[in-house]
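Asker: I would like to see how this sequence folds:
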Amino acid sequence: MESRTEPAEAEPEPAAAIRRPSPHSTAARPPLVRELLLVVGLFVVYKVGRQLADGHTAEAFRNANRVWDWERTLHLPGEGSVQGALLHSDTLVHLANTYYATVHFPATVAFLVWMYLRRPVHYVWARRVLAAVTAAALALHLTFPLTPPRLLAAAGLVDTGQVYGPTVYGAHPATDEMANQFAAMPSLHFGWALMVAIGLIAATRSRLRWLWLLHPLLTLLVIVGTANHYWLDAIVATALLGIALAVIRLPREAGATEAHALVAADEASDEADGEAGNSGGAGGAGEKESVPELVGARR
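Answerer: Numbers count the residues shown, from 1 in each chain. This is a model prediction of the structure:
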């Protein structure tokens, strides 16, 4: 009896067995000290830049009149309609002023901290987008100083912060050493709030995650109702954020480069497990695997 034997070919590893990097993976989390220094440094640069943009009072008022006329040409709703709704209740106005003064920075910081701890891959993406939008906003603050509508006589709006409190601005913009009141466009209050919502929607899977959009919506009503921003300030902030999101890669694309390292680690682990299994099961199981396949056996 003659027979020809061929070893059985190993089946290729299914693609599903290759693990992709999880958004929870700590391998993507940058060093904490470096991130703290980076975020603090960006904040200091931004604050210094806003102060450099101060002192252009006449230009800021000219630009404000232009923006007011542009909004009327575009048939945008008047900011007064939102403020009128707030002025029906002193408590409502006070709550809006409090939201404007206290939610902006804490909400963004809490968002970054949560992303750093729970979604490190998304954190890197979100931090880059926020930095890009903030840098672009600073450039506009320097080149296009703008008086907010609460200081523009043509708008006929109430400075709710000064009248009802609380406020983060001094009564006289020219002598305000804490903030540049001529940096209305774009509105980083709205731009950051919108990025917080987009980031949380992208990083989570709950069916209720779309409710995060209530944060930028409420922020929009607050910044307009308190007369701190024009509608166009929010529109420009949205446009800058859209450009940043189009340019800066999404987390799953950025995480693809990490897949090679994780796959290599998995393969090394599998090889080690295989060697341990072969050495431990050198008896009957090993003999069964050594039986060749009979191909074309004949007498």
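
Asker: how about the helices in the stretch 51-200 of the chain?
Answerer: Using DSSP state H, counting those that start in this stretch, the helices of the stretch 51-200 of the chain run over residues 57-73, 79-86, 90-102, 104-118, 120-143, 160-164, 188-203.

Asker: Ranking these by mean neighbour count, which comes first?
Answerer: Mean neighbour counts were compared across these using mean count of other Cβ atoms under 10 Å; the top stretch is helix 188-203, at a mean of 22. C-betas here are computed from N, CA, C, even on glycine.

Asker: Remind me what that helix packs against, helices and strands.
Answerer: For helix 188-203, the elements it packs on are helix 104-118, helix 120-143, helix 214-225, helix 231-247, judged by 3 or more Cβ pairs under 8 Å, 6 or more residues apart in numbering; DSSP states H and E.

Asker: hang on, the earlier thing: with distance to Leu213 as added columns, please give the helices of the stretch 51-200 of the chain in CSV.
Answerer: Formatted as CSV, the entries for these read as follows, by distance: least, Cβ to Cβ, whole Å:
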stretch, distance to Leu213
helix 57-73, 24
helix 79-86, 18
helix 90-102, 16
helix 104-118, 14
helix 120-143, 16
helix 160-164, 25
helix 188-203, 5
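
Asker: how about these, which one is nearest Leu218?
Answerer: Distances from Leu218 to each of the helices of the stretch 51-200 of the chain were compared using Cβ to Cβ; the minimum, 7.2 Å, belongs to helix 90-102.

Asker: what residues does stretch 235-249 touch?
Answerer: Judged by Cβ atoms under 8 Å, 6 or more residues apart in numbering, the contacts made with stretch 235-249 from elsewhere in the structure are 125, 128-129, 132-133, 136-137, 140, 185-188, 190-191, 194-195, 198.

Asker: mind running it again at 7 Å?
Answerer: By Cβ atoms under 7 Å, 6 or more residues apart in numbering, the surrounding residues in contact with stretch 235-249 are 125, 128-129, 132-133, 136-137, 185-188, 190-191, 194-195.

Asker: again, but for stretch 32-40
Answerer: Under the contact criterion Cβ under 7 Å, 6+ apart, stretch 32-40 has outside partners Tyr116.

Asker: on that earlier part again, would you mind reformatting the helices and strands packed on helix 188-203 (as JSON lines) and adding columns for distance to Trp68 and mean pLDDT while you're at it?
Answerer: Below are the helices and strands packed on helix 188-203 laid out as JSON lines (distance: least, Cβ to Cβ, whole Å; pLDDT from 0 to 100):
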{"stretch": "helix 104-118", "distance to Trp68": "24", "mean pLDDT": "93"}
{"stretch": "helix 120-143", "distance to Trp68": "17", "mean pLDDT": "92"}
{"stretch": "helix 214-225", "distance to Trp68": "13", "mean pLDDT": "97"}
{"stretch": "helix 231-247", "distance to Trp68": "9", "mean pLDDT": "97"}
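
Asker: so which of the ones you listed comes closest to Thr57?
Answerer: Of all the helices and strands packed on helix 188-203, it is helix 120-143 that lies closest to Thr57, at 14.3 Å by Cβ to Cβ.

Asker: on contacts alone, who are the packing partners of that closest one?
Answerer: helix 32-52, helix 104-118, helix 188-203, helix 231-247, helix 251-280 (3 or more Cβ pairs under 7 Å, 6 or more residues apart in numbering; DSSP states H and E).

Asker: Next, the angle helix 104-118 makes with it.
Answerer: With axes from the mean of the first three to the mean of the last three Cα atoms, to 10 degrees defining the directions, helix 120-143 sits at 150 degrees from helix 104-118.

Asker: quick one: helix 120-143 to helix 32-52, angle?
Answerer: Counting by the same axes, to 10 degrees, helix 120-143 points 20 degrees away from the direction of helix 32-52.

Asker: mind checking the SS state of the residue nearest to Ala197 when sequence neighbours are not counted?
Answerer: Distances taken as Cβ to Cβ, 6 or more residues apart in numbering put Trp212 closest to Ala197, at 4.1 Å, once the chain neighbours are dropped. Under the three-state scheme (DSSP: H, G, I helix; E, B strand; the rest coil), the conformation of Trp212 reads as helix.

Asker: So Trp212 sits against Gly199, correct?
Answerer: No: contact status for Trp212 versus Gly199: not in contact, 8.7 Å apart, counting by Cβ atoms under 7 Å.

Asker: Now do the residue nearest to Ala197 against Ile201, distance only.
Answerer: Trp212 sits 6 Å away from Ile201, taking Cβ to Cβ, to the nearest Å as the criterion.

Asker: Same check on Leu245?
Answerer: Leu245 sits 12 Å away from Ile201, taking Cβ to Cβ as the criterion.
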